[in-house]
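**Q** this is a predicted model, with the sequence first.
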Amino acid sequence: MGGNNSKKNFNYLRLKAEELLTDKDRNQEKLSHEIDEIIHELEVHQIELKIQNEDLIKTQLDLENSRQDYHELYDFAPVGYITLNDTELITRVNLTGAEMLGKTRKYLINKAFVRFIDPSYKKTFYGHIQEVKKANIKQKCQVELISSEKIFLFVNLDTIASLDEEGNLKGFKIILTDISEIKKIESELEDSLKEKDLLIKETHHRVKNKLQVISSLLNLQSEYIKDKSEKEYFRESQNRAKSMALIHELLYQSTNMGRIDFAEYVKTLVYDIYKSYRSNSEFIKLNLKLKPITLDINTAVPCGLVINELVSNVMKHAFTPEKKGDLNINLSSYNENLVLIIKDNGIGFPSSIDFKNTETLGLKLVNTLVDQINGKIEITADNGTEFNITFPDVKFDNK
């Protein structure tokens with residue numbers, strides 16, 4: 001804009017000077033004065049041109065410096081910048097990107113980018129490129145690169161399609177971020193977790209073995225006891241040890257070190273108790289309705305002991321050879337709580353006994369354990385006995 005104005009001013013002064021020189025009617029003095037004015041204006045105009053020229057030179061230098069700054073930022077950025085054409089050949093790459101690929105920039109031009117991707121990740125890259133073409137927005141993926149020195153490194157690719165003015169695919173712009181250190185840390189953490197899992201599994205295995213030894217010792221000891229009531233005490237203790245050992249066995253076999261398949265546990269536990277009372281099991285029919293539920297070990301152990309006590313109680317007292325019947329066990333969930341129902345249609349719970357205030361060890365243990373899992377227990381003595389236990393599915397921190 002300033003250059004056009006200067007040109008107009010100059011043309012105006014030139015025309016004015018020509019008019020003065022061709023005007024013969026003017027006197028010499030006036031002509032001389034006007035010529036002086038024109039010369040002055042020309043000098044002013046020359047100064048303006050000089051200033052404008054200096055401004056142009058300064059602007060050009062600023063642009064050159066900005067361009068240099070851009071190139072330095074581009075080349076020495078902490079990430080790699082790579083431009084591909086529509087056939088996925090490299091057309092431009094910064095120094096960081098070239099270092100990641102282990103080649104000079106000159107060598108990389110017109111080379112297929114996929115050549116520098118580890119073979120096991122080429123399928124991932126091709127799928128990534130197809131997603132970029134379809135979505136036409138930035139897409140991410142992780143691949144492993146390999147240089148000529150066979151040095152592997154993981155990078156995160158942020159890729160976007162480059163389009164021409166008509167919207168046709170022109171190529172791709174890719175940002176490469178080195179995540180090798182992150183991958184290394186992740187790998188170390190995975191190894192550490194695997195080691196921790198193995199140690200926890202070994203602990204569960206050892207606890208299970210020790211509880212089984214205790215159970216076996218109680219069984220051996222009971223063979224020397226003639227009194228039936230005393231022998232029963234040993235069997236009860238033996239079943240309690242078994243119920244805890246079973247949890248540790250399931251945890252040892254599980255892929256989740258903190259939770260077990262509680263429905264499977266209840267099924268196994270109840271059948272074990274059922275078989276331990278061989279003489280009574282002939283006239284008791286088992287009915288299990290168990291919803292697939294996983295339970296934290298801190299809840300599963302006390303809950304398993306509760307089931308052991310109540311089922312054992314049914315097997316011992318609810319039925320007689322003359323009074324056959326059913327034992328129903330239901331496990332379900334309601335809102336954020338779990339509901340366990342143990343019901344029989346036997347002779348019924350004695351009305352003279354307050355099950356929450358009793359001297360019986362088994363029922364004392366049941367009430368204590370239900371409190372421990374923040375649960376509630378209710379009993380209904382109508383056409384048999386029903387124990388209804390509601391407790392929260394608490395997620396404990398097992399770190």
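**A** Looks like it arrived, so ask away.
**Q** wait, what's in contact with K170?
**A** Listed by C-beta atoms under 8 Å, 6 or more residues apart in numbering, the contact partners of K170 are 85-86, 162-164. Any C-beta I mention is one placed from the backbone N, CA and C, and that applies to glycine too.
**Q** pull up the pairing partners for the helix or strand hosting it, direction included.
**A** Assessed by DSSP states H and E, K170 sits inside strand 169-178. According to DSSP bridges, the neighbouring strands of strand 169-178, each with its direction, are strand 80-85 (antiparallel), strand 152-163 (antiparallel).
**Q** mind listing what's buried along it?
**A** 170-178 (16 or more other C-beta atoms under 10 Å).
**Q** once you drop chain neighbours, what's closest to K291?
**A** What sits nearest to K291 in space, not counting adjacent residues and going by C-beta to C-beta, 6 or more residues apart in numbering, is S332, at 4.9 Å.
**Q** which residues are in contact with that neighbour?
**A** Under the criterion of C-beta under 8 Å, 6+ apart, the neighbours of S332 are 289, 291, 338-339.
**Q** show me which pair in these is furthest apart.
**A** Farthest apart among these by C-beta to C-beta are K289 and L338. That separation is 13.7 Å.
**Q** name the residue in those two with the higher neighbour count.
**A** Remark: of K289 and L338, L338 carries more neighbours, 23 against 11, as counted by other C-beta atoms under 10 Å.
**Q** so K242 sits right up against D272, yeah?
**A** Yes: under the criterion of C-beta atoms under 8 Å, K242 makes contact with D272 at 6.2 Å.
**Q** and these two? Which one has more around it.
**A** The neighbour count for K242 versus D272, taken as other C-beta under 10 Å, is higher for K242 (22 against 15).
**Q** ok but that one is inside a helix, no?
**A** Yes: in this structure, K242 lies within a helix as judged by DSSP: H, G, I helix; E, B strand; the rest coil.
**Q** ok, it to I129 distance?
**A** Distance of K242 to I129, computed by C-beta to C-beta, to the nearest Å: 59 Å.
**Q** in contact with A161, which residues are there?
**A** Applying C-beta under 8 Å, 6+ apart, we find A161 in contact with 132-133, 136, 169, 171-172.
**Q** widest-spaced pair of those residues?
**A** Looking at those by C-beta to C-beta, the two members farthest from one another are N136 and G171, with 13.2 Å of separation.
**Q** give me the neighbour count for T385.
**A** Around T385 sit 23 other residues, with neighbours defined as other C-beta under 10 Å.
**Q** same thing with I373?
**A** Around I373 sit 21 other residues, with neighbours defined as other C-beta under 10 Å.
**Q** hang on, isn't it packed against V301?
**A** No: in this structure, I373 is not within contact of V301 by C-beta under 8 Å, at 9.4 Å.
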